[in-house]
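*Asks:* What follows is a predicted protein model with its sequence.
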Amino acid sequence: MSVLIGDKKLNNGLMLAPMAGVTDSVFRVICKRLGAEYTVSEMVCAKALCYAQRSKKISAEASASAALARTSFDEMPMAVQIFGSEPEFMAEAAAMIVNRSYKGCAAECAPTAIDINMGCPVRKITSNGEGSALMKDPELAARIVRAVSDAVSVPVTVKIRAGWDRTSINAPEFAKALEQAGASLVCVHARTKEQLYAKGIDLGIIEQTKKAVSIPVIGNGDIYTAADAINMMTNTGCDGVMIGRGAEGNPWIFSEIAAAMEHREYIPPTIAERLSLASAQLDAMIELKGERTGLAEAKKHMAWYIGGVRGAAQARASIMTAENANQIKDIFAVLLKDGE
């Protein structure tokens, strides 16, 4: 089983899902080193990026959008994900990202693809007709894909949901319309917008979508182990899997799945290995984003890494109130000593 995106071949089809506040460039590189063959950025607001270009100065919002669109050679292949509901802004933003022609650009290279978010269920996104709200308007969704496809030279992919709610499940037909509009790949999160992130997915929706289109279909939802991934691929025929929350604190999940697919033994990381990687990620985030922002954004990651470790509950509370990286590393040292 393999997936082709442009000229990039993914032998196992293992992808890191886009997650706001989680899949920054530091975490993407870590996941790649541990077996993710492809990653997707946090979502970038197309309109915000476009409006920033019309300003005479780089605003805080513009800088934030530029930071989210950051790419590096170390994480290739990867996609930058954009969101919005207006074809002209989506096309303009996509072109700027691919050409690296926007204010505050910190990208080392063009992304492998542009991914369009049509799956985010968060109210502040859907209330503007963006994210999964586009599932209710296939015609507009197709126009967005066509506009972006016409504006860039890289593949255009789309992340969708099963549908808006249980009475309007339309992923197969929706994906077919996107394919006709120029989409090169579609990822199906097998929940409706109404379900948000509640436990339980419908593998049948992924299977039906795979049968409806000729482009690669990636399955997404409730993948926490290699068995989950194998089960999804076996029962849906999907071309690959995209892992989101299952990678939080456990980027080794990609190594685990790859080992299972290749019939190799998988040895889980020790507590020492988990804490060592967490510390390295903490340092990298601070180096990239500065002490204040890097520390604040790293804390949730640090809390995820210690899941299942003796004393984790108390340690998490201490991590969240830590004032610097050294305090977090001291917490790790205690956990490591108590775990020996």
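*Replies:* Perfect, thanks for sending it.

*Asks:* Give me the average confidence score over the strand or helix carrying Gly204.
*Replies:* Per DSSP states H and E: Gly204 is located in helix 203-212. Mean per-residue pLDDT for helix 203-212: 97.

*Asks:* Report the buried residues of that helix.
*Replies:* For helix 203-212, the neighbour count (16 or more other Cβ atoms under 10 Å) marks Leu203, Ile205, Ile206, Glu207, Gln208, Thr209, Lys210, Ala212 as buried. C-betas here are computed from N, CA, C, even on glycine.

*Asks:* and of these, the nearest to Leu49?
*Replies:* Thr209 (29.6 Å; Cβ to Cβ).

*Asks:* measure Lys47 to Ala141 for me?
*Replies:* Distance, Lys47 to Ala141, using Cβ to Cβ, to the nearest Å: 17 Å.

*Asks:* who has more neighbours, these two?
*Replies:* Under the neighbour definition other Cβ atoms under 10 Å, Lys47 and Ala141 were set side by side, and Ala141 has more, 24 against 20.

*Asks:* residue contacts, the more buried one?
*Replies:* Met118, Leu134, Met135, Val158, Phe174, Ala177, Leu178, Ala181 (Cβ atoms under 8 Å, 6 or more residues apart in numbering).

*Asks:* Check which helix or strand it maps to.
*Replies:* Short version, using DSSP H and E: Ala141 is in helix 138-151.

*Asks:* C-alpha coordinates for that helix, CSV please?
*Replies:* Provided in CSV are the C-alpha atoms of helix 138-151 (Å, rounded to 0.1, in the frame of the first residue of the first chain):
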residue,chain,number,x,y,z
PRO,A,138,-20.8,21.3,-2.0
GLU,A,139,-21.0,23.8,-4.8
LEU,A,140,-19.1,26.4,-2.9
ALA,A,141,-16.6,23.8,-1.7
ALA,A,142,-16.0,22.8,-5.2
ARG,A,143,-15.5,26.4,-6.3
ILE,A,144,-12.9,26.8,-3.6
VAL,A,145,-11.0,23.7,-4.7
ARG,A,146,-11.1,24.8,-8.3
ALA,A,147,-9.8,28.3,-7.5
VAL,A,148,-7.0,27.1,-5.3
SER,A,149,-6.0,24.4,-7.9
ASP,A,150,-5.9,27.0,-10.6
ALA,A,151,-3.7,29.3,-8.4
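
*Asks:* was I right about Ala162 contacting Ala190?
*Replies:* Yes - with contact defined as Cβ atoms under 8 Å, Ala162 reaches Ala190; the gap is 5.5 Å.

*Asks:* between those two, who's got more neighbours?
*Replies:* Neighbour count, other Cβ under 10 Å: between Ala162 and Ala190, Ala162 has more, with 31 against 24.
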